[in-house]
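Student: Got a predicted model here, sequence first, then my questions.
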Amino acid sequence: MKKCLIILCLIIPRVVFSQDISLARSIVDTLTSKTMWGRGYTNNGLKKAANYINAQFEAYGLNPMNGQIFKQSFSFPVNTFPGSMELSINGKSFIAGKDFIVMPESIGRKVSGKLEQKDSSVFISSANRIVMVLKDKLTWSVSNKQADYTGVEVVRKLVENPETIYINIENQFIPDFKTENIAGMVKGTKEPDSFLVFTAHYDHLGGMGSQTYFPGANDNASGVSLLLNMARHYAANPAPYSIAFICFAAEEAGLLGSKYFTEQPLIDLKKIRFLVNLDMIGTGDKGITVVNAEYHPKEFTLLNEINEQHKYLSKINPRGRTANSDHYFFSEKGVPAFFIYTNGGIKAYHDVNDLPETLPFTEYNDLFNLFLNFNQKLTE
């Protein structure tokens, strides 16, 4: 009997704290589906993703942070590409997303012209306000502005002696695109007015034309997936401190969702004990990187001590302060925060190849357990 109890004690923590990878993949599959259309600015993709996350918060039993609703609305300008997306060079057609991308600030037009070479990578048609840049890798982004020219980036190896170009691209500049942050919380059992916060951006690049969208599996369906699993866990197992969960929109447009939240906070920022921002956590065979490590040496040491004790990750790499994800504006407001991302694995980034089937989720369970232990130690 005693032997059975010992075995049971060894098994129970693993059952309680281990996450179902199939559930994680289901969340990522949903967020990267064609229905969500890259969680961006056309085909209602960002709104559909927001509604999905909102429904998960409700299902888990979280408390809204914004009165009776989970959504915090705001708006911003964005340049979008809802329709035609055609390019041909020297009469040869190219495939959007795979062979070329449109520069995100471009104005949409149906135009053709002769190309003039400016350097080894840049070709222009001055009279027609066309710019073409040859690239070894295509990496798209989002623009809050609309230029007076049309630009494309094309895979270098596909183009030889470009002389003529034809473009048929449709754009729509939206000066007040409306979206929402999704914010919920689980009240603490002992210190409900003190907070540990998990954040992750749920937006991605959206679609480029009517046929191409950017799935954004690692960036950042992976982070949202882990945040949702953490939310589900704490809803069933409340902690001494309140645990808050915020999914930001418009990170790809310039950290706009997190900036708005820090300017219009739904909780007192001074009462945040610590914040962990999750972005691109679908790999991990080479460990993780912790941004702001040197600014919070006590917490970084604690993270390493927990990792050494449990052997979760192969390495925890420190990095200084950077404005590269949603932790940044919290840090600027004096909130202690880490931005954590995984290292190794897939190389896809801001392209059409960031697909759910490429995510190995190498350290998903270990990260989950690392954060649970970290939160527990922070509140002791």
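Tutor: Perfect, I can see it now. Numbers count the residues shown, from 1 in each chain.
Student: Show the contacting residues for the residue nearest the centre of the chain.
Tutor: The centroid of the chain falls nearest to Asn220 when counting by C-alpha atoms, centre = their mean (2.9 Å). Shown in contact with Asn220 (C-beta atoms under 8 Å, 6 or more residues apart in numbering): Ala200, His201, Tyr202, His204, Glu251, Leu278, Asp279, Met280. Backbone N, C-alpha and C define where each C-beta goes, glycine included.
Student: Take those and lay them out in JSON lines including pLDDT.
Tutor: Formatted as JSON lines, the contacts of Asn220 follow (pLDDT from 0 to 100):
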{"residue": "Ala200", "pLDDT": "99"}
{"residue": "His201", "pLDDT": "98"}
{"residue": "Tyr202", "pLDDT": "99"}
{"residue": "His204", "pLDDT": "98"}
{"residue": "Glu251", "pLDDT": "98"}
{"residue": "Leu278", "pLDDT": "98"}
{"residue": "Asp279", "pLDDT": "98"}
{"residue": "Met280", "pLDDT": "98"}
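Student: Secondary structure element for Asn373, which one?
Tutor: Element membership for Asn373, per DSSP states H and E: helix 364-378.
Student: Give me the helices and strands touching that helix, please.
Tutor: Here helix 364-378 touches helix 2-17, helix 21-31, strand 191-201, helix 222-236, strand 241-248, strand 272-278, helix 297-310, going by 3 or more C-beta pairs under 8 Å, 6 or more residues apart in numbering; DSSP states H and E.
Student: Restricting to C-alpha, output that helix in CSV.
Tutor: C-alpha atoms of helix 364-378 as CSV (Å, rounded to 0.1, in the frame of the first residue of the first chain):
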residue,chain,number,x,y,z
TYR,A,364,5.8,23.2,-24.9
ASN,A,365,5.2,21.2,-21.8
ASP,A,366,8.5,22.2,-20.2
LEU,A,367,7.7,25.9,-20.7
PHE,A,368,4.3,25.4,-19.2
ASN,A,369,5.8,23.8,-16.1
LEU,A,370,8.6,26.4,-15.9
PHE,A,371,6.1,29.2,-15.8
LEU,A,372,3.9,27.5,-13.2
ASN,A,373,7.0,27.1,-11.0
PHE,A,374,8.2,30.6,-11.7
ASN,A,375,4.8,32.1,-10.7
GLN,A,376,4.7,30.0,-7.5
LYS,A,377,8.1,31.1,-6.4
LEU,A,378,7.4,34.8,-7.2
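Student: who's in contact with it?
Tutor: By C-beta under 8 Å, 6+ apart, the residues outside helix 364-378 that reach it are 17-19, 21, 24, 196, 198, 226, 229-230, 233, 239, 241, 243, 273-274, 276, 281-282, 284, 288, 299, 302-303, 306-307, 310, 312-313, 340, 342.
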